[in-house]
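Asker: What shape does this take:
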Amino acid sequence: MLGAARHLRQVYQRAFCVLIFLVLTTGSAKQDIIDKVVATVDRQIIMLSDVRAVTELGVLVMGSNEGSETQVISRLVNRVLILVEVDRFLVSEPLQPEIQRRIDELKEHHSTVKSFETAWKSVGMTEERLYRLIRNDLRIDSYLRQRFTSTAEPTNAELLQYHKENQVLYVHNGSRLPFNDARELVRDDLLEERRQVIIQNWIARLHESVEIVYVP
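Answerer: Alright, predicted model coming up:
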């Protein structure tokens, strides 16, 4: 209990320092950026600006960028847990063009480059931090694809059942595709669904191995 209290005190102290730094360094801006700690994962800090970057800029490669603040924080916690595993193994670095392509995709959601820069600066993001965030998300994606690729090949009966339950997903020119025409798509979707279940179970086990603190 004392250890947890001491850890929280350290978190709040670091958060206060971050807040003071942001206020002092944005005095000339039209609006001060207020940041705070929202969670720690094995003493790694997740900031409110991280949450805002995900929800307002859509910078998260791994998982959805949408949802409530609590849901986004949960996904960011998972991201930190996975990054710890990524750093333990030899994961190939994403190439510079790949990172730049992802940045260009984000820019496409804004009318001008200037509006894009204004958007990421408004949530406390820096160019270096944005680059690092996208780089790490691409490393996570590469790691998950390498580690979780093979699942049991579904039987024809399982494919038929999946197609029956998800017919709305298999439409071409306004008409639902019969099973024989959609079979490969159904197989890929079912395998991916099973893969995601395996990944989520793995992440749940990661949660049990570290101390996670949510800061109200």
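Asker: in this protein, what spans have low per-residue confidence?
Answerer: Regions of the chain meeting the criterion pLDDT under 70 cover residues 1-34, 59-67.
Asker: mind listing the strands for it?
Answerer: Defined through DSSP state E, the strands belonging to the chain, from first to last, are 37-41, 44-47, 171-172, 175-176, 212-214.
Asker: between those, which one is nearest to Arg139?
Answerer: Across the strands of the chain, Arg139 has its closest neighbour in strand 44-47 (15.8 Å, Cβ to Cβ). Where C-beta positions appear, they are placed from N, C-alpha and C, glycine not excepted.
Asker: Pull out the buried residues from that closest one.
Answerer: Ile45, Ile46, Met47 (16 or more other Cβ atoms under 10 Å).
Asker: Buried deepest among the strands of the chain, which one?
Answerer: Burial of the strands of the chain is given as mean neighbour count (mean count of other Cβ atoms under 10 Å); strand 37-41 ranks first at a mean of 22.
Asker: still on that earlier bit, could you work out which of the strands of the chain reaches nearest to Glu127?
Answerer: Comparing the strands of the chain against Glu127 with Cβ to Cβ, the closest turns out to be strand 44-47 (17.1 Å).
Asker: Direction included, what does that closest one pair up with?
Answerer: Strand 44-47 has its sheet partners listed here by DSSP bridges as strand 37-41 (antiparallel).
Asker: Kindly export the strand it pairs with (C-alpha atoms) in CSV.
Answerer: Backbone C-alpha positions of strand 37-41 (Å, rounded to 0.1, in the frame of the first residue of the first chain) are rendered in CSV as follows:
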residue,chain,number,x,y,z
VAL,A,37,-1.2,11.8,-16.6
VAL,A,38,-4.1,9.5,-17.2
ALA,A,39,-2.5,6.1,-16.6
THR,A,40,0.9,4.4,-15.9
VAL,A,41,1.9,1.0,-17.2
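Asker: beta partners of His172?
Answerer: Ser175.
Asker: Now tabulate the buried residues of strand 44-47 in a markdown table and tack on distance to Lys121.
Answerer: Supplementary listing: the buried residues of strand 44-47 in a markdown table, determined by distance: Cβ to Cβ, whole Å:
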| residue | distance to Lys121 |
| --- | --- |
| Ile45 | 20 |
| Ile46 | 20 |
| Met47 | 15 |
